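Peer 1: here you go, sequence then predicted model.
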Number of protein chains: 2
Amino acid sequence: MTSERPRTRIQRRNRHAILDAALVVFSQHGFRGATLDQIAAEAGLSKPNLLYYFPSKEAIHETLLAGLLKTWLDPLRALDPAGEPVAELLGYVRRKLAMSRDFPRESRLFANEILQGAPRIAPTLGGELKSLVDEKAAVIAGWSAAGRIADVDPYHLIFSIWALTQHYADFDVQVRAVLGEERGDPLDGAERHLVMLFTRLLTP
Amino acid sequence: MTSERPRTRIQRRNRHAILDAALVVFSQHGFRGATLDQIAAEAGLSKPNLLYYFPSKEAIHETLLAGLLKTWLDPLRALDPAGEPVAELLGYVRRKLAMSRDFPRESRLFANEILQGAPRIAPTLGGELKSLVDEKAAVIAGWSAAGRIADVDPYHLIFSIWALTQHYADFDVQVRAVLGEERGDPLDGAERHLVMLFTRLLTP
DNA sequence: GAAACGTTTGACCGGGCGGTCAGGAACACG
DNA sequence: CGTGTTCCTGACCGCCCGGTCAAACGTTTC
């Protein structure tokens, strides 16, 4: 893969600006819905200049996804087999929810990719993602068998955490439309609710 | 709105074929990502013939969304204030999960629309959807106050049901990639898991 | 069978798209 | 200051997209 680090400061700045702009545009319109002109405008650059730094639209998208996947899986990697089970899982929920709060565009970029059949990251899903989940699922299954948490299917537990936390980023518009403008940040209520939900679910 | 019913049988057949094909294509590629040629090919018609039955690409999409929203909200409408609270809510979960099983493309069409900021159904979200949810949230809050179910935020409870059930349709590729091909239908495991989850959450 | 109407299509159009290219501007370094 | 290198851009290209249209084809009706 092309992993040459940017040499000059101007390169770093512009590549960064492009990826930032691309994240905004791709996450809102999806890959096909986004245009290079939009990204260029958002980045404050000309379209040919974009293609000076990246060989193609595809390449920008791929770079974005590759960078995303690492940070996206970190919260799960941090799940400590040696920790207190319920606290560990609640910590995972909180970290994941924090990502929905702090990186909603990353979440939507990912959701867009999966929705469209994951054409560009299918191998990663069946490879890196699957083996990480397998590993952590085994840990959870161990906790379950030892009676330290309630008896739950570890895979569906993980899916539940993903679904419940990412929902607040991906379906943000709907959440806000339903809650109206009065209430405070939906994410605050969500955190209380989810901590309660998983506490009730997991304590034996 | 254009609500003239199709007169002849050939009209009904072709309009239906177009909407069917459009659902397949729109749900996979999103509005901008889909092309009339794709829809026409999927429907087995020529592109100009598509535009004989619908005035524009937009019109096809709108027709699809309008028809979708009704069926999409029916499971929530069926929530009976007079029923037994836990059973009612579990029934809602099951109906919603059945929709993910039977109409995954409808779910993805909806998800695509929300992800992109709901440009075409924002009014409906703040109107029809909000008032329905408000109504049912009041019912659930009543059950909560009466001690017939545990003390939960009714809005976030409803969000949780949406998130957990739709996840299996919208993120189907990811779910299957993680679970591998061995296991049976993910939806079977999901149903057991979700029934357990909501039983634990809701019983006082 | 001919008129009248509903249905289908090939050919076409203007605009927007991803991408190219030749050359100019800005900078680094002696 | 000169020169090599990096950075940037206007103009352009070919393709694809949504949509149009005139004409042909089918079907019904009398």
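Peer 2: Structure's in. What do you need?
Peer 1: for residue A:110, give its distance to residue B:173.
Peer 2: Noted for residue A:110: a distance of 12 Å to residue B:173, by Cβ to Cβ, to the nearest Å. Any C-beta I mention is one placed from the backbone N, CA and C, and that applies to glycine too.
Peer 1: okay, those two: which has more neighbours?
Peer 2: Shown here are residue A:110 and residue B:173; by other Cβ atoms under 10 Å in any protein chain shown, residue A:110 has more neighbours (23 against 19).
Peer 1: just the element for that one, please.
Peer 2: helix A:104-115 (DSSP states H and E).
Peer 1: would that helix count as contacting chain B?
Peer 2: Yes. Part of helix A:104-115 sits near chain B under the criterion Cβ under 8 Å from any Cβ of the partner chain, namely A:108, A:111-112, A:114-115.
Peer 1: need the contact partners of that helix.
Peer 2: For helix A:104-115, contacts defined as Cβ atoms under 8 Å, 6 or more residues apart in numbering or on different chains pick out A:23-24, A:26-28, A:30-31, A:64-65, A:68, A:71-72, A:99-100, A:119-121, A:166, A:169-170, A:172, B:30, B:108, B:111-112, B:115, B:170-171, B:173-174.
Peer 1: what comes up buried for the longest helix along chain A?
Peer 2: The single longest helix within chain A, with elements called by DSSP state H, is helix A:9-33. Buried residues in helix A:9-33, defined by neighbour count with 16 or more other Cβ atoms under 10 Å in any protein chain shown: A:14-15, A:17-19, A:21-33.
Peer 1: can you check stretch A:82-96 too?
Peer 2: With burial defined by 16+ other Cβ under 10 Å, the residues of stretch A:82-96 counted as buried are A:85-86, A:88-96.
Peer 1: swap in stretch A:100-111?
Peer 2: Within stretch A:100-111, the residues that count as buried by 16+ other Cβ under 10 Å are A:100-101, A:103-111.
Peer 1: want to try a markdown table for the residues you listed, with pLDDT as columns?
Peer 2: Formatted as a markdown table, the buried residues of stretch A:100-111 follow (pLDDT from 0 to 100):
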| residue | pLDDT |
| --- | --- |
| A:100 | 97 |
| A:101 | 97 |
| A:103 | 97 |
| A:104 | 98 |
| A:105 | 98 |
| A:106 | 98 |
| A:107 | 98 |
| A:108 | 98 |
| A:109 | 98 |
| A:110 | 97 |
| A:111 | 97 |
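Peer 1: of those residues, which is the nearest to DNA strand C?
Peer 2: Minimum distance to DNA strand C across those is 15.7 Å, recorded for residue A:109 (Cβ to the nearest atom of the strand).
Peer 1: gap between that closest one and residue A:115?
Peer 2: 11 Å.
Peer 1: now swap in residue A:171 and tell me
Peer 2: Residue A:171 is 12 Å from residue A:115, by Cβ to Cβ.
Peer 1: neighbour count: those two, which is higher?
Peer 2: The residue with more neighbours, out of residue A:171 and residue A:115, is residue A:115; 27 against 24, by other Cβ under 10 Å.
Peer 1: I'd like the average pLDDT over the helix or strand that comes right after the helix holding residue A:110.
Peer 2: Where DSSP H and E defines the elements, the next helix or strand beyond helix A:104-115 is helix A:122-124. The pLDDT scores in helix A:122-124 average 93.
Peer 1: residues contacting residue A:149?
Peer 2: A:85-86, A:89, A:140, A:143, A:202-204.
Peer 1: does it count as helix, strand or coil?
Peer 2: For residue A:149, the assignment made with DSSP: H, G, I helix; E, B strand; the rest coil gives coil.
Peer 1: from the chain's centre, how far out does the helix holding residue A:110 sit?
Peer 2: Between the centre of helix A:104-115 and the centre of its chain there are 7 Å (Cα atoms, centre = their mean, to the nearest Å).
Peer 1: ditto for stretch A:91-105
Peer 2: With Cα atoms, centre = their mean, you get 8 Å for stretch A:91-105.
Peer 1: now do stretch A:69-86
Peer 2: Centroid separation for stretch A:69-86 versus its chain: 14 Å, with Cα atoms, centre = their mean.
Peer 1: the helices in chain A, which residues?
Peer 2: Assigned by DSSP H, chain A shows helices spanning A:9-33, A:36-43, A:47-53, A:57-77, A:85-102, A:104-115, A:122-124, A:130-145, A:154-170, A:172-179, A:186-202.
Peer 1: out of those helices, flag the one nearest residue B:47.
Peer 2: helix A:9-33 (18.3 Å; Cβ to Cβ).
Peer 1: contacts for the closest one?
Peer 2: Contacts to helix A:9-33, defined as Cβ under 8 Å, 6+ apart, come from residues A:6, A:34-35, A:38-40, A:42-45, A:49-50, A:53-54, A:57, A:60-61, A:63-64, A:67, A:105-106, A:108-109, A:112-113, A:116, B:29-33, B:112, B:115-117.
Peer 1: distance from that helix to the middle of the chain?
Peer 2: When distances are taken as Cα atoms, centre = their mean, helix A:9-33 is centred 17 Å away from the chain's centroid.
Peer 1: and it, does that touch DNA strand D?
Peer 2: Yes. Helix A:9-33 lies within reach of DNA strand D by Cβ under 7 Å from any atom of the strand, at A:10-11, A:14.
Peer 1: residue A:85: what's it in contact with?
Peer 2: So residue A:85 contacts A:140, A:143, A:148-149, A:202 (Cβ under 8 Å, 6+ apart).
Peer 1: 10 Å instead, please
Peer 2: Neighbour list for residue A:85: A:79, A:139-140, A:142-144, A:146, A:148-149, A:202-204 [criterion: Cβ atoms under 10 Å, 6 or more residues apart in numbering or on different chains].
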